[in-house]
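Peer 1: Starting from these lines, generate the structure:
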Amino acid sequence: MEINVLVDEGFERCPEAGWLRSVAEQVLTVQGAGSDVELGLVITSQERVQQLNKSYRGKDEPTDVLAFYMTSADFIEPPDGVRHLGEVIISYPQAVIQAEEHHHSIKKELTILIIHGVLHLLGYDHEESEQARQMRGREADILSQNGAN
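Peer 2: You can find the predicted model right below:
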């Protein structure tokens, strides 16, 4: 399992890369993704996430987490045998705002956002009500196993 973590400059208060990586690894493990998977996790600014949201989703507004899939039925099997799932991009400032709004720690909020983003990379969605219900249930199950507070 390979999880590449990039914390943009200016976010030194963010929990260390090893902790962020361990949360993503836990989600992949709980979901049975196997050891031959790879993803990227980026902690960045509100402005960068808003720009990505506008460019790729047509929504000129900030958001907390974006997931960019790399897997598709159209892709051939990679020669190295590793499934490249994609990238999870998190707005650290938005995570701080949401942690304060929900009266919990930044680590818990980042855990929630990482779970959400990784589940998207694994095929979960919330466009329809049944999908949203399933995804919320999975998020709650994984969060309860994580023990983040």
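Peer 1: I106 is in contact with V96, correct?
Peer 2: Yes: if you go by CB atoms under 8 Å, V96 and I106 touch, sitting 5.9 Å apart. For every residue, glycine as well, the C-beta is placed using N, CA and C.
Peer 1: Can you pull the residues that touch both of these two?
Peer 2: Shared contacts of V96 and I106 (CB atoms under 8 Å, 6 or more residues apart in numbering): none.
Peer 1: Mind listing what's buried along the lowest-mean-pLDDT helix or strand in the chain?
Peer 2: Ranked by mean pLDDT, DSSP states H and E, the weakest helix or strand in the chain is helix 129-146, scoring a mean of 86. Neighbour-count burial for helix 129-146 flags M135, R138, E139, I142, L143, N146 (criterion: 16 or more other CB atoms under 10 Å).
Peer 1: what's the distance between the second one and V27?
Peer 2: Spatial separation of R138 from V27 under the definition CB to CB, to the nearest Å is 9 Å.
Peer 1: Same check on the fourth one?
Peer 2: Relative to V27, I142 is positioned 6 Å away (criterion: CB to CB).
Peer 1: Touching both of the two, which residues are there?
Peer 2: By CB under 8 Å, 6+ apart, the residues touching both I142 and V27 are I115, L119.
Peer 1: What's the local residue count around T111?
Peer 2: Look at T111: counted by other CB atoms under 10 Å, it has 27 neighbours.
Peer 1: What of the one 10 residues further on?
Peer 2: Applying other CB under 10 Å, we find 26 residues neighbouring L121.
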